[in-house]
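Novice: Pasted the sequence and its predicted model underneath.
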Amino acid sequence: MHGEVPEVLAARRKGVAMRTPSSGAQRPEQMRLLELPYRVGIIGCGGMAHGHAQAYQAVPRVQLVCCADIDPQRLESFRRQYHIPFGYTDYREMLQKERPDLVSIVTWPGLHSEMTLEAARAGVRGILCEKPLALTLEEADRMLQVCQERGTILLVNHQRRWDLLYETARDLVQAGEIGQLLELGGSMVGSDLFTDATHAVDLFRFFNADGGVDWVYAQVTYNGRVRYGHPVEDLALVTFRFENGSWATLRTGRIPEPSFEKGIPFGPVTPYCASRLVGTRGVLEVSGDRREPRLYLMRSGAVGWKVVEPGTPHAEPAMVRSIRALLRSIEEGTPHRNDAFHGRAAIEVIIAALLSAAERAPVRLPLKAPGLSVEALFEQLRADSEAEG
Ligand SMILES: NC(=O)c1ccc[n+]([C@@H]2O[C@H](COP(=O)([O-])OP(=O)(O)OC[C@H]3O[C@@H](n4cnc5c(N)ncnc54)[C@H](O)[C@@H]3O)[C@@H](O)[C@H]2O)c1
């Protein structure tokens, strides 16, 4: 462990601080503790952890207090960069000694479940877990169950739900600007289902009022690729149907992709996270992140595309909005857009897609395949790819 112990942090580490106001008059020292910031710990100090640290730093009443990484050099450099008082190479020790109020889990997906359970058992009040929530539904269910039992709010970081670009697209759909939503199409060029397409599945659900999916059909090729410590496909074509009748098609991997920039049908730029929403009275296209916002609308009967400017240019970044909403969820009980339920729904579609490809058959949801091994599905897909040459 590294770092000094400021007085205010030492008070909180004694474990006496409670933020939930109790009824009746507060003694002065209780009042003082209620005003203390939320103490945040970050587990995993790699690439994406910087996004978490910067977002927490932008939220008032939140203080980065501790971080953990098994790589001591990465830990120390991260700790210094964000002026975090305490660093640990053992995240369990961090949880026990620092007792953070909020924890970000920014490690590889195979570790999310174990770390979530440990954090909830250590009394953490809000967990912001990176996507994908987990690699199996059993792990996801355990995470949801233990967090519910412990009163811990568990979120999955599908942060684009808080990005004005995607939020505006969702609002236009909800307002009926393209009529009834018939079809959602999208791609994660160069990426894969578990790594980035979790965002796409989640956004499709977000655009479609978080409706249920009733079946999934997919073609997947796998040749032994590994990313973030788990197998990932080379190519996937996934079709799924929502209970409200609309259809979604999602592609991943090394696919040629027309640019969604208008007027350049096969341009050199491949925007990330591209979606096309087709309704009875128009089409919306949305892609990219804040650096490269793109949102286009074409109503039926209109000539050409209209560029839609999403909201105010001074809006806060998505993750800052998400963390502010987490504080509201803790203090006021308001639901959060990134509730882990949605993270589970996204991996259910992905696992169903792998199962469908392995069985060469449509898969009905809810998925009833206890003990289903994602590794075994990938091995089946590899054998099929090899057999097909
Ligand atoms: N939401 C997004 O837009 C977004 C973007 C990128 C990555 N991610 C997700 O974030 C997660 C992390 O991705 P990354 O790119 O930051 O990975 P990374 O490899 O850069 O960082 C992971 C870190 O975890 C550390 N680690 C491994 N085991 C640990 C343990 N037992 N205790 C503590 N630390 C441990 C590693 O040493 C490493 O520093 C993944 O789930 C990924 O899918 C999300």
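Specialist: Good, I have the coordinates.

Novice: Ramachandran angles for the nearest residue to Gln174 once chain neighbours are set aside?
Specialist: Of all residues not flanking Gln174 in the chain, Ala209 sits nearest, at 7.2 Å (Cβ to Cβ, 6 or more residues apart in numbering). Where you see a C-beta, it was placed from the backbone N, CA and C, and this is true even at glycine. Note on Ala209: its backbone torsions stand at phi 60, psi 30 [degrees, to the nearest 10].

Novice: What separation do you get for Ala209 and Ala120?
Specialist: As for Ala209, its distance to Ala120 is 29 Å (criterion: Cβ to Cβ, to the nearest Å).

Novice: and what of Glu379?
Specialist: Glu379 sits 32 Å away from Ala120, going by Cβ to Cβ.

Novice: More neighbours: which of those two?
Specialist: Set Glu379 next to Ala120 and count neighbours by other Cβ atoms under 10 Å: Ala120 wins out with 24 against 15.

Novice: so who does the closest residue to Tyr38 other than its chain neighbours touch?
Specialist: Excluding the flanking residues, the one nearest Tyr38 by Cβ to Cβ, 6+ apart is Asp101, at 4.4 Å. Listed by Cβ atoms under 8 Å, 6 or more residues apart in numbering, the contact set of Asp101 reads Arg19, Tyr38, Arg39, Val40, Val124, Arg125, Gly126.

Novice: out of the residues you listed, who has the most neighbours?
Specialist: Val40 (27 neighbours).

Novice: helix, strand or coil for it?
Specialist: strand (DSSP: H, G, I helix; E, B strand; the rest coil).

Novice: give the contact list for the residue lying closest to it once chain neighbours are set aside.
Specialist: The spatial neighbour of Val40 that comes closest, neighbours along the chain excluded (Cβ to Cβ, 6+ apart), is Leu102 at 4.7 Å. By Cβ under 8 Å, 6+ apart, the contact list for Leu102 reads 38-41, 56, 62, 124-128, 323, 326.

Novice: And Ala200, by the same measure?
Specialist: Residues near Ala200 by Cβ under 8 Å, 6+ apart: Gly186, Ser187, Met188, Leu250, Cys273, Ser275.

Novice: for those, which one is nearest the ligand?
Specialist: Cys273 (9.4 Å; Cβ to the nearest ligand atom).

Novice: from what I can see Asp339 touches His158, true?
Specialist: No: in this structure, Asp339 is not within contact of His158 by Cβ atoms under 8 Å, at 10.3 Å.
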